[in-house]
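In: output the structure for:
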Amino acid sequence: MGSWTGTITLVESYGHLLAWGLLLVWASLTTGIRVASQPTPIMLGADLPSAAITEQVDLCRDPVGRLVLITGIGEVTAGRIVAGRRGDEGFSCLCQILRLPGV
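Out: Numbering: from 1, shown residues only. Next up, the predicted model:
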């Protein structure tokens, strides 16, 4: 150990930055840093929304009128899905649907 000069080397300063960074990451992952927010209310059985009637919709074959039954899909997006199909085959994977503009 050398004598104390009151300054630190570049390596020591990077080590301090790394240590503080790891401490902040650990604190945020373990919720050590808490954000002020309202508590989430607990929903009892009577408060739960009623289950919606489910209908199966086929993105590869159904017309626009059936695609709009999906929550969040309007006529414009349904039209893009129908236009993006390739012949009678439809879509071969989900990634083809996700590449459509606006989807």
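In: domain parsing of this structure, as residue ranges.
Out: Under the assignment automatic domain parsing, the domains of the chain span 8-37, 52-103.
In: out of those, which one sits most buried?
Out: Most buried of these, by mean neighbour count (mean count of other C-beta atoms under 10 Å): domain 52-103, with a mean of 12. No exception for glycine: its C-beta is placed from N, CA and C like everyone else's.
In: where among the domains of the chain is average confidence lowest?
Out: Here the domains of the chain differ in mean pLDDT, and the lowest is domain 8-37 at a mean of 78.
In: all helices of this protein, in order?
Out: Secondary structure of the chain (DSSP state H): helices located at 10-29, 64-67, 75-84, 94-98.
In: show me what the last one is packed against.
Out: In this structure, helix 94-98 packs against helix 75-84, with contacts taken as 3 or more C-beta pairs under 8 Å, 6 or more residues apart in numbering; DSSP states H and E.
In: measure how far the helix it packs on is from the centre of its chain, please.
Out: Mean-position distance between helix 75-84 and its chain equals 23 Å (C-alpha atoms, centre = their mean, to the nearest Å).
In: any chance you could list what contacts it?
Out: Helix 75-84 has contacts (C-beta atoms under 8 Å, 6 or more residues apart in numbering) with 59, 63-64, 67-68, 73, 91, 96-97, 100-103.
In: can you redo the residues you listed as JSON lines with distance to residue 19?
Out: Converted to JSON lines, the contacts of helix 75-84 look like this (distance: C-beta to C-beta, whole Å):
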{"residue": "59", "distance to residue 19": "50"}
{"residue": "63", "distance to residue 19": "60"}
{"residue": "64", "distance to residue 19": "58"}
{"residue": "67", "distance to residue 19": "53"}
{"residue": "68", "distance to residue 19": "55"}
{"residue": "73", "distance to residue 19": "49"}
{"residue": "91", "distance to residue 19": "49"}
{"residue": "96", "distance to residue 19": "47"}
{"residue": "97", "distance to residue 19": "46"}
{"residue": "100", "distance to residue 19": "47"}
{"residue": "101", "distance to residue 19": "46"}
{"residue": "102", "distance to residue 19": "46"}
{"residue": "103", "distance to residue 19": "44"}
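In: alright, I will stop here.
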